[in-house]
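>>> Okay, structure incoming, though there's no sequence with it:
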């Protein structure tokens, strides 16, 4: 597996652990619909949280959250709409980003709630 894929999988594992410690229930990991993949679908109280995990080894080229593009947001929205319909849910949906910088100096995790909005 390429090094960036290993880092990405490690980031998703760190994000799941972080969310569970914060009281979230993890409903799905790597949920796919058409061309979209939602890294984590979690729930806290009556809110479904779509979590995009961005992991980098350095912030030199920008913050991880800066790499979520409008086209990706549109795909995530379609995917969570399908998930809600499939599971017949009546819930609020929120889109979060967990940005992780992990390198030999340590690990920094930033949870950005309401990182972008349903449109």
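Yes, it's here. As the structure is a computational prediction, the values presented were derived from the model and not from experiment.
>>> Give me the contacts around the strand or helix carrying residue 17.
Residue 17 is part of helix 3-21 when elements are defined by DSSP states H and E. Outside helix 3-21, the residues that touch it by C-beta atoms under 8 Å, 6 or more residues apart in numbering are 1, 26, 29-30, 39-40, 42, 51, 53-57, 98, 100, 102, 107, 109, 111. Where you see a C-beta, it was placed from the backbone N, CA and C, and this is true even at glycine.
>>> try it again with 6 Å
With C-beta atoms under 6 Å, 6 or more residues apart in numbering as the test, helix 3-21 has contacts from 26, 39, 42, 53, 55, 98, 100, 109.
>>> any chance of these in TSV, with pLDDT and secondary structure too?
Below are these laid out as TSV (pLDDT from 0 to 100; DSSP: H, G, I helix; E, B strand; the rest coil):
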residue	pLDDT	secondary structure
26	98	strand
39	96	strand
42	98	strand
53	94	strand
55	85	strand
98	94	strand
100	90	strand
109	93	strand
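>>> Tabulate these (a markdown table), appending neighbour count and distance to residue 6.
What follows is those, written out as a markdown table (neighbours: other C-beta atoms under 10 Å; distance: C-beta to C-beta, whole Å):
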| residue | neighbour count | distance to residue 6 |
| --- | --- | --- |
| 26 | 16 | 21 |
| 39 | 22 | 15 |
| 42 | 23 | 23 |
| 53 | 25 | 14 |
| 55 | 23 | 10 |
| 98 | 25 | 18 |
| 100 | 23 | 13 |
| 109 | 16 | 18 |
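>>> now the residues you listed in JSON lines, with distance to residue 17?
Output for the contacts of helix 3-21, formatted as JSON lines (distance: C-beta to C-beta, whole Å):
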{"residue": "26", "distance to residue 17": "10"}
{"residue": "39", "distance to residue 17": "14"}
{"residue": "42", "distance to residue 17": "12"}
{"residue": "53", "distance to residue 17": "12"}
{"residue": "55", "distance to residue 17": "13"}
{"residue": "98", "distance to residue 17": "11"}
{"residue": "100", "distance to residue 17": "11"}
{"residue": "109", "distance to residue 17": "9"}
